[in-house]
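1. Pasted the sequence and its predicted model underneath.
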2 protein chains.
Amino acid sequence: MAKMVARAEVMKEITEALLNAESLYIFPHMVADGDSMGSCASFCRLMRNLGKTADIMMEDEIADNLKFLDKGYVTFVDENTEVPQRDLCVALDCSNTDRFPKRNKMFFSAGKKTICIDHHVTEFNYADINLIAPDAASNTELLYELYEFMGVEIDKEMAEAIYTGIVTDTGNFQYTNTTKKTHIITAELYDRGIDTKQLNITLFQSVRPQKLMLRNTILNTLEMRCDNRVSMAYVTLDMYDSCDAKTSESDGINATLRDIKGVEMAVFLREKQPGEIKVGFRSKDYVNVSEVCLSLGGGGHKHAAGCTIYGNMEEALEIIRKVVDDVMAEYDAKRA
Amino acid sequence: MAKMVARAEVMKEITEALLNAESLYIFPHMVADGDSMGSCASFCRLMRNLGKTADIMMEDEIADNLKFLDKGYVTFVDENTEVPQRDLCVALDCSNTDRFPKRNKMFFSAGKKTICIDHHVTEFNYADINLIAPDAASNTELLYELYEFMGVEIDKEMAEAIYTGIVTDTGNFQYTNTTKKTHIITAELYDRGIDTKQLNITLFQSVRPQKLMLRNTILNTLEMRCDNRVSMAYVTLDMYDSCDAKTSESDGINATLRDIKGVEMAVFLREKQPGEIKVGFRSKDYVNVSEVCLSLGGGGHKHAAGCTIYGNMEEALEIIRKVVDDVMAEYDAKRA
């Protein structure tokens, strides 16, 4: 593991690398969320404002509600795409190299130097320069600090991309990652003339009716366990079909399950393909779901983690029921 | 209508009245929401901190998720309750006297002087001193300004009540009433040690499973009209019964209906009692639903308004279908 370096030192190193570069590639993580896309869009805009040749390289599609961030920045690639050499490859919001699987070779070979800027707890530093700040609520919050450090102008378009990262990664300032600084930075974004009305319509008020119906169908499978401290629900491929809904449209169900009164742990099972069930865990307060998922071959954070179970939905449900019952019994025993 | 007075002048007048008073009654509006309860709780706490005799007078129950705000402040009363005379009666977040119907007589007779502090557009000033600031996102935001003006200490308990008003009345900073100032004030609340984790669990992450099931049942009635620019849904008394849900648990459905992609106007019909249907309208951008509701004998704001229709649900649905079709046709004609 690289030695810890003071944040200002790393920011100085990154500033020099960016200002000296003429060209760069920018990498969001796969299935990019608002924070990763917002990070890349603000970064790409800044680099182009500074006269650099900059592009965002993606291996999968942009979510509908985030397409507005791509002002001609994105190039879609796969494992075999060959691109010309540039000065830098910059990964944003990618805690490890598994987050851009089809672009690993490109990231490590298409730039003379690599940079990683991320706000997740990371196990090891995979780039030449690594700016890691788990105290930042979103990666765009961290980038805002970097831009301030660099002394560059943050224009309206950059500010709207930064706002997008903040509001999506903090659940509209509800999650515990939100700090005083998050609100101060957001206040400053208003000075750049951001159109919060349009942003909120685009980001949150553009739910397809098919998604609503899918959510309804999923919530009909709601199962409460362990004295109503555990909520569970699932979705099968058939359910997506019958609602004419997209896979991504079951996103957010986990939060709904967790937000039930008295629920400490919420579990959502999603049939990814026949025989493969993705299981997402959320906890509200004291259960460490990262540990639960580690024991099932997965991983994550204390309050949000996941794993994969191979089998059909009924089998997966049976396994998970046993696991959650055991977990809650263990916590009860510890507290007794 | 009383003449307009500069805000600082009114704040000065209120400060003097409060500091000179020894005792007061505080009035939230009926069916108090987070902003009204947060206003009253922060205000009552401050007054007691300053050594005054202060109580919050209510005519209906406190919503479950807001009960934490009542630290022994609330007295429940009705039209006939007799109370001793005090120096002041203060109404918070009440845009007119219909907002406290069973406490009208008390408000106007139990205090030597009346004060109204509100952030809604009001038609006339009903109190002796009226601090009206429609630019404030929430009434607690306005109170924060008043407390700063007064130079009093805002302690943790007051800060948590203020935060409650802000996050509930801005839809977690999503609504267009949110401003730079809203975020700056929220940032300053963090300095008072507010426990945002616990507050957000209590306010938003404590949904009863019965409420989830009610929402599901309501969304099964979803009807899209006018090229999917209008969404409608309804709830009957039977539906509440079958879900074992409370009346208040259909709150928020309007926002869900409005948040559908492409929807400009959302309408939610609620059977209040047999033969009486409350209709809530929301708009996203250009439709002025206040005008729509005025024509139906109701009223409200541009983006949120309501009215009552007397008849059964089928009759009400037919009336509303015709109204929304006409409204959208009118807007189309204006734009053409």
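-> That came through fine. Residues are numbered from 1 along each chain as shown, chains lettered A, B, ... in the order given.
2. quick one: average confidence on stretch A:238-257?
-> Per-residue pLDDT over stretch A:238-257 has a mean of 93.
3. Could you check which helix or strand contains A:Ile166?
-> With secondary structure defined by DSSP states H and E, A:Ile166 is part of helix A:156-169.
4. swap that for A:Leu88, please
-> With elements taken from DSSP H and E, the one containing A:Leu88 is strand A:86-92.
5. what does A:Met11 give?
-> Here A:Met11, judged by DSSP H and E, is contained in helix A:7-20.
6. Which residues belonging to that helix are considered buried?
-> A:Arg7, A:Val10, A:Met11, A:Glu13, A:Ile14, A:Thr15, A:Ala17, A:Leu18 (16 or more other Cβ atoms under 10 Å in any protein chain shown). C-beta here means a position set from N, CA and C on the backbone, and glycine is covered the same way.
7. Ok, stretch A:192-202 next?
-> By neighbour count with 16+ other Cβ under 10 Å, stretch A:192-202 contains the buried residues A:Arg192, A:Ile194, A:Thr196, A:Lys197, A:Leu199, A:Asn200, A:Ile201, A:Thr202.
8. Greatest separation within those: which pair is it?
-> Pairwise distances among the buried residues of stretch A:192-202 were taken by Cβ to Cβ; the largest, 18.8 Å, belongs to A:Arg192 and A:Ile201.
9. Show me what the helix or strand of chain A with the lowest mean pLDDT is packed against.
-> Scoring the helices and strands of chain A by mean pLDDT, DSSP states H and E places strand A:299-300 at the bottom, with a mean of 86. Packed against strand A:299-300, as judged by 3 or more Cβ pairs under 8 Å, 6 or more residues apart in numbering or on different chains; DSSP states H and E, are the following elements: helix A:289-294, strand A:304-310.
10. Could you see whether chain B lies near the shortest one?
-> Right, helix A:289-294. No. Using Cβ under 8 Å from any Cβ of the partner chain as the criterion, no contacts between helix A:289-294 and chain B are found, and the smallest distance is 15.3 Å.
11. Just the buried residues of that helix, please?
-> With burial defined by 16+ other Cβ under 10 Å, the residues of helix A:289-294 counted as buried are A:Val289, A:Ser290, A:Val292, A:Cys293.
12. And the second one, what's its pLDDT?
-> Put plainly, it is A:Ser290. What the model reports for A:Ser290 is a pLDDT of 93.
13. Hmm, it is touching A:Ala305, no?
-> Yes. Taking contact to mean Cβ atoms under 8 Å, the distance of 4.5 Å between A:Ser290 and A:Ala305 places them in contact.
14. what is in contact with those two at once?
-> Overlap of the contact sets of A:Ser290 and A:Ala305 (by Cβ atoms under 8 Å, 6 or more residues apart in numbering or on different chains) consists of A:Gly299.
15. is chain B contacted by stretch A:15-35?
-> No. Residues of stretch A:15-35 contacting chain B under Cβ under 8 Å from any Cβ: none, with a closest distance of 13.5 Å.
16. Which neighbours in the sheet does the helix or strand just after the helix holding A:Met11 have, and how are they oriented?
-> With elements assigned by DSSP H and E, the helix or strand that comes after helix A:7-20 is strand A:23-27. Paired with strand A:23-27 in the same sheet, following DSSP bridges, are strand A:53-58 (parallel), strand A:86-92 (parallel).
17. Other residues contacting the last one?
-> Okay, so that is strand A:86-92. Residues from elsewhere that reach strand A:86-92 (Cβ under 8 Å, 6+ apart): A:17-18, A:20-29, A:36, A:39-40, A:43, A:53, A:99-100, A:106-108, A:110-118, A:127, A:139, A:143.
18. Please work out the average pLDDT along that strand.
-> Looking at strand A:86-92 alone, the average pLDDT works out to 98.
19. Of all the residues in that strand, which ones are buried?
-> Neighbour count says strand A:86-92 has A:Arg86, A:Asp87, A:Leu88, A:Cys89, A:Val90, A:Ala91, A:Leu92 buried, by 16+ other Cβ under 10 Å.
20. Give the bridge partners for the third one, please.
-> Beta-bridge partners of A:Leu88, counted by DSSP bridges, are A:Leu24, A:Lys113.
21. Distance of it relative to chain B?
-> Computed as Cβ to the nearest Cβ, to the nearest Å, the A:Leu88 to chain B distance reads 33 Å.
22. quick one, helices of the stretch 101-250 of chain A?
-> A:104-109, A:139-150, A:156-169, A:180-190, A:196-204, A:209-219, A:237-243 (DSSP state H, counting those that start in this stretch).
23. Out of those, which gets nearest to B:Ser242?
-> B:Ser242 sits nearest to helix A:209-219 of all those, at 15.4 Å, using Cβ to Cβ.
24. For that closest one, name the packing helices and strands.
-> With contacts defined as 3+ Cβ pairs under 8 Å, 6+ apart, the secondary structure elements packing on helix A:209-219 are strand A:230-235, helix A:237-243, helix A:253-258, helix B:209-219.
25. Taking the stretch 1-150 of chain A, what residue is nearest to chain B?
-> Ranking the residues of the stretch 1-150 of chain A by distance to chain B (Cβ to the nearest Cβ) places A:Asp64 first, at 8.4 Å.
26. per-residue confidence at that residue?
-> Value listed for A:Asp64 in the pLDDT field: 89.
27. and the helix holding A:Ile166 with strand A:86-92, angle?
-> Comparing the axes of helix A:156-169 and strand A:86-92 via axes from the mean of the first three to the mean of the last three Cα atoms, to 10 degrees yields an angle of 40 degrees.
28. Give me the contact list for helix A:156-169.
-> With contact meaning Cβ under 8 Å, 6+ apart, helix A:156-169 is reached by A:33-39, A:41-42, A:45-46, A:66, A:69, A:71, A:137-141, A:143-144, A:147, A:154, A:173, A:175, A:177, A:182, A:185-186, A:189, A:192-196, A:199-200, A:203, B:173-174.
29. rewinding a little: quick check: the farthest pair among the buried residues of helix A:289-294?
-> Pairwise distances among the buried residues of helix A:289-294 were taken by Cβ to Cβ; the largest, 7.3 Å, belongs to A:Ser290 and A:Val292.
30. intersection of neighbour lists for those two?
-> Common contacts of A:Ser290 and A:Val292 (Cβ under 8 Å, 6+ apart): A:Ala305.
31. And stretch A:122-140, end to end?
-> Distance between the two ends of stretch A:122-140: 17 Å, counting by Cα to Cα, to the nearest Å.
32. now that stretch: mean pLDDT?
-> If you average the pLDDT values across stretch A:122-140, you get 93.
33. Same question for that stretch: list its buried residues.
-> Taking 16+ other Cβ under 10 Å as the criterion, stretch A:122-140 shows A:122, A:125-133, A:136-140 as buried.
34. what's the answer for stretch A:40-60, then?
-> A:40-47, A:52, A:54-59.
35. isn't A:His29 right next to A:Thr97, touching?
-> No. Under the contact definition of Cβ under 8 Å, A:His29 does not touch A:Thr97, with a separation of 10.2 Å.
36. neighbour-wise, which of these two wins?
-> Between A:His29 and A:Thr97, counted using other Cβ atoms under 10 Å in any protein chain shown, A:His29 has the larger neighbour count: 28 against 16.
37. For the more buried one, which three-state class applies?
-> Secondary structure assignment for A:His29 (DSSP: H, G, I helix; E, B strand; the rest coil): coil.
38. before we move on, what about the one 10 residues further on?
-> Going by three-state DSSP, the secondary structure assigned to A:Ser39 is helix.
39. can you check the one 5 residues further on too?
-> When classified by three-state DSSP, A:Cys44 comes out as helix.
40. Leaving out the residues flanking it, which one is nearest to it?
-> Sequence neighbours aside, A:Tyr73 is the residue nearest to A:Cys44 in space, at 4.4 Å (criterion: Cβ to Cβ, 6 or more residues apart in numbering or on different chains).
41. ok, now A:Glu264?
-> In this structure, A:Glu264 finds its nearest non-sequential neighbour in A:Arg229, 4.7 Å apart by Cβ to Cβ, 6+ apart.
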